[in-house]
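> When you get a sec, could you give me coordinates for this:
(one chain, ligands or ions: 1)
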Amino acid sequence: MLRAFRSDAVRKFFLVWLVGVLVFVPFITGFALQNEQPAVFVDSTPFIPGEPLDKNEMRITFMGTSVIPRKGQASNSVFVETGNGDSFIFDIGSGVSTNYVAMGIPYSRMDKVFLTHLHADHMSDLTTLYCFGPSLDRKTPLRLFGPSGDTPEYGTMAFAEALKLLTRWHVESFSFTPTGLKSGVSGYDIDVKELPYMEVGGVAYEENGVKITHFPAVHDRNGSISYKLEWNGLSMIFSGDTKPNYYMVDQGKGVDVLIHEMVVPPEVWAAKNTGMKPGDVGWPQAIAYTTAVEDSSHTTQKALGYILSQANPRLGVATHFQVNEDTVDNALEDVRTWYQGPFAIATDLLVINVSKDRIRLRYAQVSDYSWYPSPKLYPPAQLAPPKYPSPLAQLNEELLSHVIPASVYAGETK
Ligand SMILES: [Zn+2]
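Alright, predicted model coming up:
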C-alpha cells in the first residue's frame, strides 16, 4: 500500500522536547514540562493545506530548515503569507520545492523571493522555481530581492543574469507553450532589486501595507543580510545565516516571531559528518574544519539564547539546525542558559499562525505523492502566443524520422 500520508510523529516528538513556550491556549492541557520551563503547545490537530487564512493573521510555514539537505529536512526556506492575500519566500534552498508542492502552493503565489545570501543551501531551488513557473501559472516576471556584493559581480543582479544563462536551454525548450502575457510581460523575466548589504533598515518592499526591510548579517564574507517583515501590527524576522550580531539584537526588539539560525557544536558536527571520535586519526582536522565553519559563519546555541534574551520576541524559533534525538536536548539546555521565553526549533512543515492575541503552532499533514496544485487560470486571450508553433518545432528532421509513430503501438499487440 502506498504511504499516502507522511507521518509527522517524528517531527512532533522533536518539537515537544524542544519547545519552551508560554501556553498560548491555556485551557488545553500541554505536554509535560521539560526542565521546569513553560511548555509550548504544539497543536495536535494537523494543518491541512488549503486552510483559509484570517484577514488579520500572518502565517509562517517552514519549507526547509537544515544546512544539510536531508529526507526529513530540506535546506532553508520560509514562506510567509499575510491576511491581505500576499505571500513571500525567504530563501529557497536545496530540496524545498518538494515541500512547496506538498503544501499546495502554486507558482503564481511564489513570485517574490527574498534571498539572504547566495550560498547554495539558500538559493539552489530558485532554478526549479524560475524554470517551471512560466510553463505553469506564473506568467509574470519573477521578483527577486537580494544583497549587493562588494563588487557588482558578487551581487544578486549578476546572480540573476547568470541564472538566465544557466537555464537558457530549459527556457527555450518550454517556449512551445505560453510563458507570458500579451501585455508584454514574460514569466522568464527577472525583476531584481539589489539591496545594499550594509544598509540598516533599508526598504526592500513596501506594497499593500506590507513592509520588508533588511539589515546586515555577518556571515562568511561580505554580502549577507537579514529581513524583517511588518504588516498589520505583526512582525517577523528571518536571519538567514549569520554570526551572532548586535544588528539583530536591535532589530529584534519587540518582534512577534524571531526566526534565527543555530548550529550544533563543532564536536557534534565533526562526529556526525565523519563518523570519527576524539582520539581518532583525522579528528583534529575534522574539528578544525567545523570550528572554522562556525567561526566564519554561524550562531551557537548559547549565542542564540543570548540574542533571544535581549530581543525578547513573542516567539523565538531556531532553524538551520540538524534535528536529531541526540542534538536537541543539548541545544535546549544551551539556549535556556540565557533565555526562558517562548522557543521552538523548527523542522519542515511547521506552520505558525500569528495574530495579535495568539500564536499557534501546528505541523502540516501532506501527501508524499502530491501533484502540482490547481493553477491560477488566465483567459486564453490574455496569454502571449508561444515562441515555437508546436512541441516538435525544436527537433531536427533526423531525430523526428526516428520517432516511433503512435500507429505502431497504439492498437492491439499482434
Ligand atoms: Zn550560508
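> does residue 205 really touch residue 111, like I thought?
No: if you go by C-beta atoms under 8 Å, residue 205 and residue 111 don't touch, sitting 12.0 Å apart. Placement of C-beta: from N, CA and C, glycine included.
> Do you know the pLDDT at residue 352?
Looking at residue 352, its pLDDT reads 97.
> swap that for residue 38, sorry
Looking at residue 38, its pLDDT stands at 38.
> do residue 12 as well
46.
> same question, residue 293
On pLDDT, residue 293 comes in at 88.
> where does it land in three-state SS?
helix (DSSP: H, G, I helix; E, B strand; the rest coil).
> ok, it to residue 241 distance?
The gap separating residue 293 from residue 241 is 11 Å, by C-beta to C-beta, to the nearest Å.
> try residue 131
Noted for residue 131: a distance of 25 Å to residue 241, by C-beta to C-beta.
> Per-residue pLDDT of whatever residue of the stretch 1-150 of the chain ends up closest to the ion, please?
Residue nearest to the ion within the stretch 1-150 of the chain (C-beta to the ion): residue 119, separated by 3.4 Å. If you check residue 119, the pLDDT there is 97.
> do residue 210 as well
Residue 210 is given a pLDDT of 98.
> Who are the contact partners of it?
By C-beta atoms under 8 Å, 6 or more residues apart in numbering, residue 210 lies in contact with 82, 84, 86, 88, 229-231.
> and the stretch 201-350 of the chain, which of its residues are near the ion?
Within reach of the ion by C-beta under 5 Å from the ion, the stretch 201-350 of the chain has these residues: residue 241.
> Buried only: go through the contacts of residue 210 for me.
For the contacts of residue 210, a burial check counting by 16 or more other C-beta atoms under 10 Å picks out 82, 86, 88, 229-231.
> Looking at strand pairing, list the partners for residue 224.
For residue 224, the beta-bridge partners are residue 217 (DSSP bridges).
> Measure how buried the residue lying closest to residue 327 once chain neighbours are set aside is and give me the count.
Among residues not flanking residue 327 along the chain, residue 264 sits closest, at 5.3 Å (C-beta to C-beta, 6 or more residues apart in numbering). Residues near residue 264, counting by other C-beta atoms under 10 Å, number 25.
> so where do the strands sit in the stretch 151-300 of the chain?
190-195, 202-207, 210-217, 224-231, 234-238, 257-261 (DSSP state E, counting those that start in this stretch).
> among those, which is the most enclosed?
strand 257-261 (a mean of 26; mean count of other C-beta atoms under 10 Å).
> Just checking: what are the partner strands of that one?
Paired strands of strand 257-261, with direction, are strand 234-238 (parallel), strand 315-319 (parallel) (DSSP bridges).
> Give me the angle between it and strand 224-231.
Taking axes from the mean of the first three to the mean of the last three C-alpha atoms, to 10 degrees, one finds that strand 257-261 is oriented at 160 degrees with respect to strand 224-231.
> what comes into contact with strand 257-261?
With C-beta under 8 Å, 6+ apart, strand 257-261 has contacts from 60, 78, 235-242, 248, 252, 298-299, 304, 307-308, 311, 313-321, 346, 352, 354, 359.
> Report the rounded mean pLDDT for it.
98.
> Over in the stretch 201-350 of the chain, which residue gets nearest the ion? Let me know.
In the stretch 201-350 of the chain, the residue that lies nearest the ion is residue 241 (3.6 Å; C-beta to the ion).
> thinking again about what came up before, between residue 293 and residue 241, who's got more neighbours?
Legend: neighbour count by other C-beta under 10 Å for residue 293 and residue 241, higher for residue 241 (24 against 16).
> Surely residue 160 touches residue 144?
Yes: using C-beta under 8 Å, residue 160 is in contact with residue 144, at 5.7 Å.
> Neighbour count for those two, which is higher?
Applying other C-beta under 10 Å to residue 160 and residue 144 shows that residue 144 carries more neighbours, namely 25 against 20.
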